[in-house]
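Participant: Sequence first, predicted coordinates after that:
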Amino acid sequence: MTHHDDKPTVTVYRTRSCPFCIAAEQLLRDRGVPFEEVYLDDHPNRRAFTAQLKPGHYTVPLVMRGDEAVGGFDDLRALDVRGCLKAELAG
């Protein structure tokens, strides 16, 4: 089954005041990768939630490509340094 536009949706799980969340979203914008934001500020157990999506990941941001966990800002930055951020995320 394919997504309606054949590209998995990129979702950034974040909180409002997180500097790494802001940096991750700026990097995605700079590279032209469309994404959705999900704010977890009021989530009752945000650490358990992110760890459920990506085992061992207890922090925000958590970037997802469809159902696949990409990781946090450091993971995005590593993809960007290798020159494959947009290809990996935008499809």
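Facilitator: Done, it's in.
Participant: shaky segments in this protein?
Facilitator: For the chain, the stretches with pLDDT under 70 are 1-8, 91.
Participant: rerun that using 50 as the cut-off
Facilitator: 1-4 (pLDDT under 50).
Participant: Name the residue closest to the centre of it, please.
Facilitator: Residue closest to the average C-alpha location in the chain (CA atoms, centre = their mean): residue 63, at 1.4 Å.
Participant: Show me the longest helix that occurs in this protein.
Facilitator: Longest helix of the chain, by residue count under DSSP state H: helix 19-30.
Participant: helices and strands around that helix, which ones?
Facilitator: strand 10-14, helix 73-81 (3 or more CB pairs under 8 Å, 6 or more residues apart in numbering; DSSP states H and E). Every residue, glycine included, has its C-beta placed from N, CA and C.
Participant: angle of the last one against strand 10-14?
Facilitator: Okay, so that is helix 73-81. 140 degrees (axes from the mean of the first three to the mean of the last three CA atoms, to 10 degrees).
Participant: In CSV, list the C-alpha atoms belonging to helix 73-81.
Facilitator: C-alpha atoms of helix 73-81 as CSV (Å, rounded to 0.1, in the frame of the first residue of the first chain):
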residue,chain,number,x,y,z
PHE,A,73,18.6,16.4,15.6
ASP,A,74,22.0,14.6,15.6
ASP,A,75,20.6,11.9,13.3
LEU,A,76,19.3,14.6,10.9
ARG,A,77,22.6,16.4,11.0
ALA,A,78,24.5,13.2,10.2
LEU,A,79,22.2,12.6,7.1
ASP,A,80,22.8,16.2,6.1
VAL,A,81,26.5,16.0,6.4
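Participant: elements contacting that helix?
Facilitator: Packed next to helix 73-81, using 3+ CB pairs under 8 Å, 6+ apart, are helix 19-30, helix 85-90.
Participant: any chance of these in CSV, plus mean neighbour count?
Facilitator: Putting the helices and strands packed on helix 73-81 into CSV (neighbours: other CB atoms under 10 Å) gives the following:
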stretch, mean neighbour count
helix 19-30, 16
helix 85-90, 17
